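> Sharing a model prediction with you, sequence too.
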Amino acid sequence: MGSAPATVGEIRRAQRADGPAAVLGIGTANPPTCVAQDDYPDYYFRVTNSEHLTDLKAKLTRIYYWNKRAHNELHIISGKKSGIKQRFMHLNEELLAANPDFTDRALPSLDARVDIASAAVPELAASAAAKAIAEWGRPATEITHLIFSTYSGARAPSADRRLASLLGLSPTVSRTMLNLHGCYGGGRSLQLAKELAENNRGARVLVACSEITLIAFYGPEGGCPDNILGQALFGDGAGAVIIGADPVSPVERPLFEMAFASQTTIPETEDAISMEITKGGMEYHISNQVPRLLGSNVERCLIDAFDALGVSAKWNDLFWAIHPGGRAILDHIEGVLGLDDGKLAASRHVLSQFGNMSGTTVIFVLDELRRRRAAKQEGKAPEEWGVVMAFGPGITIETMVLHAPGSLEGN
Ligand SMILES: CCCCCCCCCCCCCCCCCC(=O)SCCNC(=O)CCNC(=O)[C@H](O)C(C)(C)COP(=O)(O)OP(=O)(O)OC[C@H]1O[C@@H](n2cnc3c(N)ncnc32)[C@H](O)[C@@H]1OP(=O)(O)O
């Protein structure tokens, strides 16, 4: 006890990181079953014994395709309207045959769904996390915090506890579970990870998002257009990110620095997107006004974010990682911001290859974006500043401003 006691201010400064939080590794994973969008209406109505509901099948098909007349013929351009070519799902015909109640949301199937999800959700997250940890380059035991987000569970101890075991994390890892955040779960997790990394010197935070639609899968029903929309859009996947400040060179390489983060709730939109766990699985509602509501609110969030940073930004000079909740959402945002063609290419690519994987999707977009930026480095310099945006029930908008350090080569 030789030296004089430190002041609270000095202790606080010593506890906090010097630099901004940064993304140090990203990993993604999907279940093995891949369904082509073209095949899905036939598949879905067959496995749910609903082939007689021809009007609902026609509606699902209308969400999928533009109907274009060419040379007086009805010429259908595949997958164009939804912007989705394929999706992955944990639920397969074998699992459905073993659980026929899943097709009828009036039947009490929640227990069986939760049983399956409790194993599958953390396992899928572990596959994604193993890739993120490998890229990060340090042992899993050096992870200090874990944030897990999913809408697919309803049990404690939860998927975060199971993931920590699967990865062999330290028993002192500090765990946080986010449930039912839906499509803004990824954005929220990244923001919390930034706070943890910047306020705890040496912290290394694992963010894991894992979603399987099995919890919300049931057969078509008249008067329930949300289900048809869900069947057109959603898919399964897991994404993981390692976040930490003051990277230790040469092992840790920052992919993106997290410069600013905010959350905004759009007033009077509580009923626009909702999710609820019931005895028959998760029910959800998604208003057809969501694309318009987001379109008229995102620019304000962006202006506020860049004003807070004191950085003047032209939207077309930024890189973009927008949650592709649906093709119409990307179209509205592109339109109101006047973005050039290709600015949302990473989001559109992920939507096309995986569908909307709810909170996980934005991690896939970040992964795709860094791949595209690394490929681009041979030509013109990539953009220095960028934005992550995610949306979900509330309506909640998560905004994060990223800065790309000049060390993206070889990713
Ligand atoms: C292989 C995987 C298996 C998956 C199994 C799935 C299981 C479900 C799992 C669900 C999990 C739920 C999690 C919920 C999380 C919420 C978080 C979010 O991202 S929030 C989600 C964020 N995502 C969004 O909000 C989706 C954004 N929307 C879009 O991207 C587009 O509107 C579109 C692509 C759906 C259609 O293209 P667009 O150019 O608009 O085309 P048109 O104007 O020509 O209309 C065609 C038909 O579509 C209809 N319809 C439209 N909207 C809705 C609606 N909301 N509602 C109902 N119907 C809707 C419209 O009425 C018309 O029908 P009809 O009149 O002919 O009968």
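All right, it came through fine.
> who's whichever residue of the stretch 1-150 of the chain sits closest to the ligand bridged to?
Proximity of the stretch 1-150 of the chain to the ligand (CB to the nearest ligand atom) peaks at residue 87, 3.7 Å away. C-beta: built from backbone N, CA, C; applies to glycine. Per DSSP bridges, the residues bridged to residue 87 are residue 35.
> so who does it touch?
Taking CB atoms under 8 Å, 6 or more residues apart in numbering, we find residue 87 in contact with 34, 35, 37, 40, 234, 235, 236, 354, 355.
> Now render those residues as TSV, adding neighbour count.
Shown next, in TSV, are the contacts of residue 87 (neighbours: other CB atoms under 10 Å):
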residue	neighbour count
34	13
35	16
37	19
40	21
234	25
235	25
236	27
354	26
355	29
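> now the helices for this protein?
For the chain, the helices defined by DSSP state H cover 8-15, 40-47, 54-64, 93-98, 110-136, 159-167, 185-199, 225-233, 290-295, 298-309, 327-337, 345-354, 361-376.
> In CSV: the ones you listed, plus mean pLDDT and distance to the ligand.
Listed next are the helices of the chain as CSV, based on pLDDT from 0 to 100; distance: least, CB to the nearest ligand atom, whole Å:
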stretch, mean pLDDT, distance to the ligand
helix 8-15, 92, 36
helix 40-47, 95, 6
helix 54-64, 91, 4
helix 93-98, 96, 11
helix 110-136, 97, 12
helix 159-167, 98, 16
helix 185-199, 98, 9
helix 225-233, 94, 3
helix 290-295, 96, 4
helix 298-309, 96, 14
helix 327-337, 97, 3
helix 345-354, 97, 9
helix 361-376, 94, 8
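> Quick check: which of these has the most neighbours on average?
Ranked by mean neighbour count, the helices of the chain are led by helix 185-199 with a mean of 24 (mean count of other CB atoms under 10 Å).
> May I have that one exported as CSV, CA atoms only?
In CSV, the C-alpha atoms belonging to helix 185-199 read as follows (Å, rounded to 0.1, in the frame of the first residue of the first chain):
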residue,chain,number,x,y,z
GLY,A,185,-31.6,-7.2,-32.4
GLY,A,186,-28.4,-7.1,-34.3
GLY,A,187,-28.2,-3.3,-34.3
ARG,A,188,-29.0,-3.2,-30.6
SER,A,189,-26.3,-5.8,-29.8
LEU,A,190,-23.7,-4.0,-31.7
GLN,A,191,-24.5,-0.8,-29.9
LEU,A,192,-24.3,-2.4,-26.5
ALA,A,193,-21.1,-4.1,-27.4
LYS,A,194,-19.6,-0.7,-28.3
GLU,A,195,-20.6,0.7,-24.9
LEU,A,196,-19.1,-2.3,-23.1
ALA,A,197,-15.9,-2.3,-25.1
GLU,A,198,-15.3,1.5,-24.6
ASN,A,199,-16.1,1.5,-20.9
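> Tell me the gap between that helix and the middle of its chain.
14 Å (CA atoms, centre = their mean, to the nearest Å).
> got the angle between it and helix 361-376?
Orientation check (axes from the mean of the first three to the mean of the last three CA atoms, to 10 degrees): helix 185-199 against helix 361-376 gives 70 degrees.
> now the angle between helix 8-15 and helix 185-199, please.
For helix 185-199 against helix 8-15, the angle by the same axes, to 10 degrees is 120 degrees.
> and residue 275, how far is that from residue 6?
Distance of residue 275 to residue 6, computed by CB to CB, to the nearest Å: 47 Å.
> And for residue 351?
Distance of residue 351 to residue 6, computed by CB to CB: 51 Å.
> One more: residue 390?
40 Å.
> Look through the stretch 201-350 of the chain and state the residue closest to the ligand.
residue 326 (2.3 Å).
> Test my guess that residue 201 contacts residue 19.
No - counting by CB atoms under 8 Å, residue 201 does not reach residue 19; the two are 10.5 Å apart.
> any common contacting residues for those two?
Contact criterion CB under 8 Å, 6+ apart; residues bridging residue 201 and residue 19 by contacting each: 245, 246.
> Now do the same for residue 154: its pLDDT.
Per-residue pLDDT puts residue 154 at 85.
> returning to what we had before: which one's more surrounded, residue 390 and residue 6?
Set residue 390 next to residue 6 and count neighbours by other CB atoms under 10 Å: residue 390 wins out with 31 against 11.
> before we move on, the earlier item: how many other residues sit next to the residue of the stretch 201-350 of the chain closest to the ligand?
As a burial measure, residue 326 scores 25 neighbours (other CB under 10 Å).
> what's the spacing between residue 247 and residue 357?
Going from residue 247 to residue 357 by CB to CB gives 28 Å.
> Could you check which of those two is surrounded by more residues?
It is residue 357, of residue 247 and residue 357, that has more neighbours when counted by other CB under 10 Å, with 32 against 17.
> for that one, what are its contacts?
The neighbourhood of residue 357, defined by CB under 8 Å, 6+ apart, consists of 211, 234, 235, 236, 237, 239, 364.
> Just the ones in strands from those residues, please.
Judged by DSSP state E, strands contain the following of the contacts of residue 357: 211, 237, 239.
> Tally up the residues packed near the closest residue to residue 340 other than its chain neighbours, please.
Closest residue in space to residue 340, ignoring its immediate chain neighbours: residue 316 at 5.3 Å, by CB to CB, 6 or more residues apart in numbering. By the measure other CB under 10 Å, the count of residues near residue 316 is 12.
> just to revisit the earlier point, farthest-separated two in the contacts of residue 357?
Using CB to CB, the pair of the contacts of residue 357 lying farthest apart is 234 and 239, separated by 15.0 Å.
> interface residues of the stretch 151-300 of the chain facing the ligand?
For the stretch 151-300 of the chain, the residues in contact with the ligand (CB under 6 Å from any ligand atom) are 151, 182-183, 213, 216-217, 225-226, 229-231, 234-235, 273, 275, 284, 286-288, 290-291.
> Could you rerun that using 5 Å?
Within the stretch 151-300 of the chain, the positions adjacent to the ligand are 182-183, 213, 216-217, 225, 229-230, 234-235, 273, 284, 286, 288, 290 by CB under 5 Å from any ligand atom.
> still on that earlier bit, need the ones in strands among the contacts of residue 357 in CSV (columns: pLDDT and neighbour count).
Output for these, formatted as CSV (pLDDT from 0 to 100; neighbours: other CB atoms under 10 Å):
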residue, pLDDT, neighbour count
211, 97, 32
237, 98, 29
239, 98, 32
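> Among those, which one lies nearest to residue 170?
residue 239 (22.3 Å).
> how about the residue nearest to that closest one when sequence neighbours are not counted, what does it touch?
Excluding its sequence neighbours, the residue lying closest to residue 239 (CB to CB, 6+ apart) is residue 363, at 2.7 Å. Shown in contact with residue 363 (CB under 8 Å, 6+ apart): 26, 28, 128, 186, 207, 209, 239, 240, 241.
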